[in-house]
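Chemist: what's the 3D shape of this:
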Amino acid sequence: MFKKLLSLLMSLALVASLVACGGGSATPVSNSGSEATSSKDAVAKETNYGELLKSQIQNTPVLLEYPEGTLFNQMGSVTLGKDDGGDVMEWFVLDKNEDKALLIAKYAFGNWRAYGAEGDVKWESSDLRKYLNSEYINKTFNKNEQDLILTTDVINGDMIVGGSAQFGWLKSDAGNNTQDKVFILSKDELKKYFISDEQMKTGPKGFKDDYGWIGSYWTRTPFDIPGGMALADEGQGARSEEQHEFRPAIWVSIK
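Modeler: Numbers count the residues shown, from 1 in each chain. Here you go, the predicted structure:
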C-alpha cells in the first residue's frame, strides 16, 4: 500500500513539473502583421511629394534649353499624378525659378473633349475649363499632389489671331482673366515656351500618325471663324463644339 501511495505521489510531482515547464516556455503571439502595417503607414506619411518633385524639376532642363531638332523622347520629363490608364503621368518643364515651375503634359489626352457649347465661347465660361478644375484634377492627382499645384492668374484679354507686323495684327477678345489650378496654353504661350512648331506637337500616349506627332489640341486663343478656337497647329482652328485633344498645364510649388 505504501509503495503504491509513494508511486502516485511521484507521478503527480512529475506532471506538475511538466506543466510548469510548459507554461514558462509559451510561444508569444506574433505581431509581425501589425508591425508591417505600421511600417507601411509610416512610409506613406513620410513621403514628401514636394521634395520629390523639386528634385526632379531641378535636374530637368526646360524645353528651350534643348537644341532645335532634339527628338521628342530625348527631352527630359518629370512625373506627377496618374493618367486615364492608371500610369504615372509625365510632364515637360516649360519654366522654373526658385519657388515654382510651369509644367505641361508630355502627351495630349485623346479622349476628345469639346471646348464648349456652340457659340462664342471664352476660356472663362468654357466646359473644358470647368472639367479641368473639377473632375480632371481630382482623378489625376491625390490630395498631397493637389496641394503642390498653385492657383494661377491666367491672362486672356486681346490675343493675336492673325495678320502680320507689316500689315497689322488681327486681334480678338479672349475674355476675362481667370484664376485656375489647371489650364491650357494660348498660342502666344506655346510660341514663348517651345523652340519650334515641331517641338510643341504631341498626341495621345503611344500614338503617331504617318507624319509624326500631331498638334491638334485646344488652346485658349480664339480663331477667326464664328465660335472658333485655335488649335496648336499653326493656322488651324475648330468650332468650340467640336471635339479635340487637350494638353493640361499647371504651375507647381517647389519651395
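
Chemist: Can you name the residues that contact residue 102?
Modeler: The contact partners of residue 102, taken as CB atoms under 8 Å, 6 or more residues apart in numbering, are 93, 94, 95, 96, 193, 249, 250, 251. Just so you know, the C-beta spots here come from the backbone N, C-alpha and C atoms, and that holds for glycine as well.

Chemist: And those residues, which is closest to residue 205?
Modeler: Using CB to CB, residue 249 comes nearest to residue 205 of the contacts of residue 102, at 17.0 Å.

Chemist: Wait, the closest one touches residue 182, no?
Modeler: Yes: in this structure residue 249 lies within contact range of residue 182 using CB atoms under 8 Å: 7.4 Å.

Chemist: which secondary structure elements does the helix or strand where residue 221 lies contact?
Modeler: Here residue 221 sits within strand 218-223, counting by DSSP states H and E. Contact analysis of strand 218-223 by 3 or more CB pairs under 8 Å, 6 or more residues apart in numbering; DSSP states H and E lists strand 158-164, strand 168-173, helix 187-193, strand 228-231, strand 243-246 as its packing neighbours.

Chemist: Listing partners with orientation, what would you give for it?
Modeler: Counting by DSSP bridges, the strands paired with strand 218-223 are strand 228-231 (antiparallel).

Chemist: residues near residue 70, how many?
Modeler: The burial metric for residue 70, expressed as a neighbour count using other CB atoms under 10 Å, is 15.

Chemist: Name the nearest residue to it, sequence neighbours excluded.
Modeler: Once its chain neighbours are removed from consideration, residue 70 has its nearest residue in residue 199; the separation is 7.6 Å (CB to CB, 6 or more residues apart in numbering).

Chemist: Verify the contact between that neighbour and residue 64 for me.
Modeler: No: checked against CB under 8 Å, the pair residue 199 and residue 64 is beyond contact range at 9.2 Å.

Chemist: who has more neighbours, the two?
Modeler: Set side by side, residue 199 and residue 64 show more neighbours around residue 199, with 21 against 13, by other CB under 10 Å.

Chemist: what sits up against the helix or strand in which that one is found?
Modeler: Taking DSSP H and E as the criterion, residue 199 maps to helix 197-200. Outside helix 197-200, the residues that touch it by CB under 8 Å, 6+ apart are 63, 66, 68, 70, 190, 194, 215, 232, 233, 234.

Chemist: again with stretch 183-196
Modeler: Taking CB under 8 Å, 6+ apart as the criterion, the residues outside stretch 183-196 that touch it are 62-64, 66, 68, 94-95, 102, 104, 123, 128-129, 132, 152, 154, 156, 159-160, 174, 200, 217-221, 230, 232, 246-250.

Chemist: Check which residues of it are buried.
Modeler: Neighbour counts over stretch 183-196 (16 or more other CB atoms under 10 Å) mark 183, 184, 185, 186, 187, 189, 190, 193, 194, 195 as buried.

Chemist: Ok, stretch 239-255 next?
Modeler: Within stretch 239-255, the residues scored as buried using 16+ other CB under 10 Å are 239-240, 242, 244-252, 254.

Chemist: Ends of it, what's the gap?
Modeler: End-to-end distance of stretch 239-255: 40 Å, with CA to CA, to the nearest Å as the criterion.

Chemist: cool, and stretch 225-245?
Modeler: 19 Å.

Chemist: Equivalent analysis for stretch 104-119, please.
Modeler: Across its full length, stretch 104-119 reaches 28 Å between end residues, using CA to CA.

Chemist: again, but for stretch 115-127
Modeler: When the termini of stretch 115-127 are compared using CA to CA, they are 6 Å apart.

Chemist: What lies in contact with it?
Modeler: 113-114, 128-129, 154, 156, 173-176, 178, 183, 218, 220, 226-227, 229, 238-242, 244.

Chemist: Tell me the buried residues within these.
Modeler: Those of the contacts of stretch 115-127 that meet the buried threshold are 113-114, 128-129, 154, 156, 174-175, 178, 183, 218, 220, 227, 229, 238-240, 242, 244, by 16+ other CB under 10 Å.
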